[in-house]
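Chemist: Following is a predicted model, sequence given first.
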Amino acid sequence: MKLIDTVRQLRRELKPHRARTVGFVPTMGYLHEGHLSLVKRAKAECDVVVMSIFVNPLQFGPNEDFDRYPRDLERDAALAREAGVDVLFHPSVREMYPEPMLTRVEVSEITDRLCGVSRPGHFAGVATVVTKLFNIVQPDRAYFGLKDAQQVAVIQKMVRDLHIPVEIVPCETVREPDGLAMSSRNVYLSPEEREKARILSRSLFEARDGWSSGELDTPEEMTEFVRKRISSVPDADIDYVETWSWPDLKPLGTLHDGKFIVAVAVRFGKTRLIDNLLFDAKEER
Ligand code: PAF
């Protein structure tokens, strides 16, 4: 595995591979099984796998966790090598943003809800850095985890709107044995918070059961059910529980046709966790 930290070196490294299929796994590091599952899928489908590790300041708000976001390049490099990453791109902030940026990539409407409300500017930061990374790596396919479902929807729309020649491959959320969605931010949780955080996936799975059995029949019932279950856990501070059509994130009249998402964001102490389930009324019910 090659470890590269400049754009110029990366372009030189990838030049001989341009006729081959390049798979790309963009990350902010502190790798877990979720990231490694993206690499596994990329390896199965591509000739060369590039991973980036870059904690992107542009997507963090002023009071968010940019400074304390967990970082461990040595550990990440060992995990990436073991997983079969061919090129690990780890640029500095200076390398990615050598001069003040006067350009932003913004996707409207679908960023006006869910995390877009509580994290203003977040998705413009994500869309901008992902566009930069796509221009640097020029992958054929890019792999994103569905735990960040809104991010996937935003990037898919951006790629279509701007004719960016990259196939976006959304990949299933990877969960701990008790259901908690894997996230680099899980390390912030105290043992008590970690225990309480199980309610996120549990409430979503119960909602899915309620929907399958016909007990929960409207978007409002789904949302209310999940909200009540989460509120029953002390110290679970709900940011949002919402049900929208998927992937365009529009209001839903019914849960009887098409795809939809039930998404949650909840704070436990200083840690904000997100999770979601995607439903397909045609296939699953
Ligand atoms: O999902 C993430 O880790 C980040 O938002 C991404 C896509 C690497 C952009 O910084």
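Modeler: Looks like it arrived, so ask away.

Chemist: C-alpha from now on. contacts and neighbour counts both.
Modeler: Noted.

Chemist: which residues does Leu36 contact?
Modeler: Ala80, Ala83 (C-alpha atoms under 8 Å, 6 or more residues apart in numbering).

Chemist: For it, identify the helix or strand it belongs to.
Modeler: Leu36 belongs to helix 33-45 when elements are defined using DSSP states H and E.

Chemist: list the helices and strands the very next helix or strand once past that helix packs on?
Modeler: Per DSSP H and E, helix 33-45 leads on to strand 48-53 as the next helix or strand towards the C-terminus. Using 3 or more C-alpha pairs under 8 Å, 6 or more residues apart in numbering; DSSP states H and E as the contact criterion, the elements in contact with strand 48-53 are strand 22-27, helix 33-45, strand 87-89.

Chemist: Next one: the nearest residue to Ala181 once chain neighbours are set aside relative to the ligand, how far apart?
Modeler: The spatially closest residue to Ala181, leaving aside those adjacent along the chain, is Arg175, at 4.3 Å (C-alpha to C-alpha, 6 or more residues apart in numbering). The gap separating Arg175 from the ligand is 16 Å, by C-alpha to the nearest ligand atom, to the nearest Å.

Chemist: Can you classify the residue in the stretch 151-285 of the chain positioned nearest to the ligand as helix, strand or coil?
Modeler: With distances taken as C-alpha to the nearest ligand atom, the stretch 151-285 of the chain approaches the ligand most closely at Gln151, which sits 7.2 Å away. In terms of secondary structure, Gln151 is helix; the call rests on DSSP: H, G, I helix; E, B strand; the rest coil.

Chemist: picking that back up, which phi and psi does the residue nearest to Ala181 have?
Modeler: Per-residue torsions, Arg175: phi -120, psi 150 (degrees, to the nearest 10).

Chemist: what about it, neighbour count?
Modeler: Neighbour count of Arg175, defined by other C-alpha atoms under 10 Å: 15.

Chemist: chain center to the helix or strand hosting Arg208, what's the gap?
Modeler: With elements taken from DSSP H and E, the one containing Arg208 is helix 198-212. A distance of 20 Å separates the centroid of the chain from that of helix 198-212, by C-alpha atoms, centre = their mean, to the nearest Å.

Chemist: Show me what the helix or strand that comes right after it packs onto, helices and strands only.
Modeler: Per DSSP H and E, helix 198-212 leads on to helix 219-231 as the next helix or strand towards the C-terminus. For helix 219-231, the packing partners by 3+ C-alpha pairs under 8 Å, 6+ apart come out as helix 198-212, strand 236-245.

Chemist: Any chance of the ones you listed in JSON lines with distance to the ligand as columns?
Modeler: Output for the helices and strands packed on helix 219-231, formatted as JSON lines (distance: least, C-alpha to the nearest ligand atom, whole Å):
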{"stretch": "helix 198-212", "distance to the ligand": "19"}
{"stretch": "strand 236-245", "distance to the ligand": "19"}
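
Chemist: Mean neighbour count and mean pLDDT added to those, as TSV?
Modeler: Compiled in TSV, the helices and strands packed on helix 219-231 are given as follows (neighbours: other C-alpha atoms under 10 Å; pLDDT from 0 to 100):
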stretch	mean neighbour count	mean pLDDT
helix 198-212	19	97
strand 236-245	20	98
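
Chemist: would you list the ones you listed in JSON lines and tack on distance to Pro26?
Modeler: Conversion of the helices and strands packed on helix 219-231 to JSON lines gives the following (distance: least, C-alpha to C-alpha, whole Å):
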{"stretch": "helix 198-212", "distance to Pro26": "25"}
{"stretch": "strand 236-245", "distance to Pro26": "26"}
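
Chemist: can you tell me how far the residue nearest to Ala181 sits from His35?
Modeler: For Arg175, the distance to His35 (C-alpha to C-alpha, to the nearest Å) stands at 12 Å.

Chemist: try His122
Modeler: As defined by C-alpha to C-alpha, His122 lies at a distance of 21 Å from His35.
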